[in-house]
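[1] could you look at this predicted model? Sequence included:
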Amino acid sequence: MRHLNYGKIGAGFLSFENFKKFIDANKDLISSIEISNSGEPLLNPEAPQIIKYAYENNIDITIKNGTNFNKVSDDLIKTLVDYQVKVIYIAIDGASQEVYSKYRRGGNFNTVINNVKKLLAYKKEKNAIYPEII
């Protein structure tokens, strides 16, 4: 069995309450926060609140460690654009469902592609430059 050491951070989702406390205590020191590490950052049910609060406090959000974009809602797609997440790395692990499913068990290649298209369409509708999609 593989043991993961999460150190002082711990495992699980970052709560909006803890995020807010951290920002409020350090807002003069922070200009950017990366919200991904070991896991899928957009599964956090409080991600929209976290992204919005960062935006309201002039803190850039990035998702450079990747998201698989399988389970992102339309509302969350709008949040990513409306609150100007700066960069999102989307992990598309294959060019077909057959290949994709080998890397993302339970993942759906077409869902990911459709979610990317929704994000790009909403960016275009809002004439937004963010998020940059990689």
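    Sure, I can see it. Numbers count the residues shown, from 1 in each chain.
[2] just the buried residues of the longest strand seen in the chain, please?
    Among the segments of the chain that qualify as a strand by DSSP state E, the longest is strand 60-67. Neighbour-count burial for strand 60-67, with 16 or more other Cβ atoms under 10 Å as criterion, is recorded at 60, 61, 62, 63, 66, 67. For glycine as for every other residue, the C-beta is placed from the backbone atoms N, C-alpha and C.
[3] same question for stretch 19-34.
    Burial within stretch 19-34, assessed by neighbour count using 16+ other Cβ under 10 Å, is assigned to 19, 23.
[4] contact partners of that stretch?
    Residues from elsewhere that reach stretch 19-34 (Cβ atoms under 8 Å, 6 or more residues apart in numbering): 46, 49-50, 53-54, 57-65, 86.
[5] run the chain-centre distance for it.
    Centroid separation for stretch 19-34 versus its chain: 17 Å, with Cα atoms, centre = their mean, to the nearest Å.
[6] C-alpha coordinates for stretch 103-117, CSV please?
    Only the C-alpha atoms of stretch 103-117 are listed here, as CSV (Å, rounded to 0.1, in the frame of the first residue of the first chain):
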residue,chain,number,x,y,z
TYR,A,103,-5.6,7.2,-18.3
ARG,A,104,-8.8,8.6,-16.8
ARG,A,105,-10.8,5.7,-15.4
GLY,A,106,-14.5,6.7,-15.5
GLY,A,107,-13.6,9.8,-17.6
ASN,A,108,-15.4,10.7,-20.7
PHE,A,109,-13.3,12.3,-23.6
ASN,A,110,-16.3,13.8,-25.3
THR,A,111,-17.5,15.4,-22.0
VAL,A,112,-14.1,17.1,-21.6
ILE,A,113,-14.0,18.3,-25.1
ASN,A,114,-17.6,19.7,-24.8
ASN,A,115,-16.6,21.4,-21.5
VAL,A,116,-13.6,23.0,-23.2
LYS,A,117,-15.9,24.2,-26.0
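[7] how about the lowest-mean-pLDDT helix or strand in the chain: buried residues?
    Least confident helix or strand of the chain, by mean pLDDT, DSSP states H and E, is helix 97-103 with a mean of 85. Buried positions in helix 97-103, judged by neighbour count with 16+ other Cβ under 10 Å: residue 100.
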